[in-house]
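> how would this look folded up:
(chains A and B)
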Amino acid sequence: MKKIVFLTLSLLLAVSFWNCEKDDICAEGTPVTPRLIIEFYDAANPTVLKNVTNLGIIEPTFTEGIPFNGVSKIEVPLRTNSTTTTLNFIENGGDTTDTSDDNPDAITFNYATSNVYISRACGYKTIFQLDPTNPIVLSPDAANWIQNIVVSQPNIENENEVHVKIYF
Amino acid sequence: MKYMLRFIFSIALLCFSIIGNAQKKDTTKVVYPDRYGLRVGVDLHRLTKSFYDDNYKGLEVVADYRLTRRYYIAGEIGNEEKTVDDDRLNFTTKGTYFKVGFDYNSFENWLDMENMIYVGMRYGVSSFSQTRNSYKIYDPTNYYGETIITSGEKFSGLNASWIEVIGGVKAELFNNLYLGFSLRLNYLVSNKRPENFDNLYIPGFNRTYDGKFGAGLNYTISYFIPIYKKNKEVKK
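Presented below is the predicted three-dimensional model:
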């Protein structure tokens, strides 16, 4: 019986140290708030992916944008505290130096949000459901470089699938 | 030096005479009866924490009843209210818990001493509510800044149960007044979680981790109410 007592006490001590292990850091690779995945296709040949060159994406009131170059698939963050996000997709706007050839197309995304619990360390994530009637609005201007926008997955729950296809 | 030697010698002599005395006592077979009764106390750790920690209010009453020479029926009843302010979440847990089980005293007491070095087990149940005060949305891009949602949503009617393995000591300070300390390893048996949230703290169980294990402690002061006496069994 004495041995059992000793064993229990040492086990308790060991576990008390082992329990100090940190679980307060949100582990890399945890599915958190997804970004909108957009794939670009050739408007002339709609089944063929087309790379963007020097595409700049910026919230119209912000000073800093997100540049993309030489890719056909991009990831775009949506507002988690609102149900609409407007972004300028600027052709040749990936560079901040030369603004003379910039051609911005404003796109508005309409969606519903829901906040889903992840864990103590990560908190919550927001998932989005694109509005069924009016999901994406391309503001018409004198020279739209974007020809067409198609929603392929209205439920934005992870970054594994393409949500929106843009033809240009 | 001479005095020192004399001093050491006399101390040694004194020691021997005491040992001799003790042996003499043994042969006269003085019997110290074991006292049986109810011991009631309070957890000082939870009590003091209520004063110095603004985010915590709690009280635990402990009791044990001596059943046989070594076994005690033991239990705790308590109430806790704790607000946890984590990096990404802020919530308040409020509830009551009850634990029942046994303690086994492994300590061989001398003479009429009644101390304990014990191991024990408990089954604990807790009924509580969680109030989610605020939370943050984890968006790694952080392009639009951080979204903090202050919801204040309350999840009631939650419960959990668990098993505890205990190791601890109890020592008699004065007549019938005991000071005790115990460490507890907890293992969750059942856990009714709130919808779209989690029980990150359970009254009585304490903080929960990714797995089912948890840990706790208490630091008790208790008073022993003697009910009857029984002579120690004589080993032959």
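> quick one: strands adjacent to the strand ranked longest in chain A?
Longest strand of chain A, by residue count under DSSP state E: strand A:103-119. The strands that strand A:103-119 pairs with in its sheet are strand A:84-91 (antiparallel), strand A:123-130 (antiparallel), strand A:136-138 (antiparallel) (by DSSP bridges).
> for residue A:35, find the nearest of these.
Residue A:35 sits nearest to strand A:123-130 of all those, at 9.9 Å, using CB to CB. Any C-beta I mention is one placed from the backbone N, CA and C, and that applies to glycine too.
> chain neighbours aside, what residue packs nearest to the residue of chain B found nearest chain A?
Using CB to the nearest CB, residue B:88 is the residue of chain B that sits closest to chain A, at 3.1 Å. Distance criterion CB to CB, 6 or more residues apart in numbering or on different chains; nearest residue to residue B:88, sequence neighbours excluded, is residue A:123 at 3.1 Å.
> rounded mean pLDDT for the longest strand of chain A, please.
Across strand A:103-119, the average pLDDT comes to 93.
> how far out from the middle of the chain is it?
In this view, strand A:103-119 has its centroid 8 Å away from the chain centroid, taken as CA atoms, centre = their mean, to the nearest Å.
> what residues of that strand count as buried?
Of all the residues in strand A:103-119, those buried under the rule 16 or more other CB atoms under 10 Å in any protein chain shown are A:103-107, A:109-111, A:113, A:115, A:117-119.
> what's the answer for stretch B:111-131, then?
Residues of stretch B:111-131 classed as buried: B:114-122, B:124-131 (neighbour count, 16+ other CB under 10 Å).
> ditto for stretch A:142-162
Residues A:144-146, A:149, A:153, A:156-157 are the ones in stretch A:142-162 that count as buried (16+ other CB under 10 Å).
> could those residues go into TSV alongside pLDDT, distance to chain B and secondary structure?
Shown next, in TSV, are the buried residues of stretch A:142-162 (pLDDT from 0 to 100; distance: CB to the nearest CB, whole Å; DSSP: H, G, I helix; E, B strand; the rest coil):
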residue	pLDDT	distance to chain B	secondary structure
A:144	88	24	coil
A:145	90	23	coil
A:146	91	21	coil
A:149	92	21	strand
A:153	93	19	coil
A:156	94	13	strand
A:157	94	14	coil
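> next one, pLDDT for residue A:46 please.
Predicted confidence (pLDDT) for residue A:46: 89.
> what do you get for residue A:53?
Looking at residue A:53, its pLDDT stands at 87.
> of all the buried residues of strand A:103-119, which comes closest to chain B?
Nearest to chain B among the buried residues of strand A:103-119, with distances taken as CB to the nearest CB, is residue A:117, at 4.9 Å.
> these two touch, right, that closest one and residue B:197?
Yes: Residue A:117 lies in contact with residue B:197 (CB atoms under 8 Å); the separation is 5.3 Å.
> so which residues on chain B come close to chain A?
Within chain B, the residues that sit near chain A (CB under 8 Å from any CB of the partner chain) are B:86-89, B:104, B:106, B:117-119, B:135-141, B:143-144, B:147, B:149, B:165, B:167, B:183-185, B:196-198, B:200, B:209-210, B:213-215.
> please list only the buried members of the residues you listed.
Taking 16+ other CB under 10 Å as the criterion, what is buried in the residues of chain B next to chain A is B:88-89, B:104, B:106, B:117-119, B:135-139, B:143-144, B:147, B:149, B:165, B:167, B:183-185, B:197-198, B:200, B:214-215.
> that older thread, turn the buried residues of stretch A:142-162 into TSV, including distance to residue B:68.
Output for the buried residues of stretch A:142-162, formatted as TSV (distance: CB to CB, whole Å):
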residue	distance to residue B:68
A:144	89
A:145	88
A:146	84
A:149	80
A:153	68
A:156	65
A:157	60
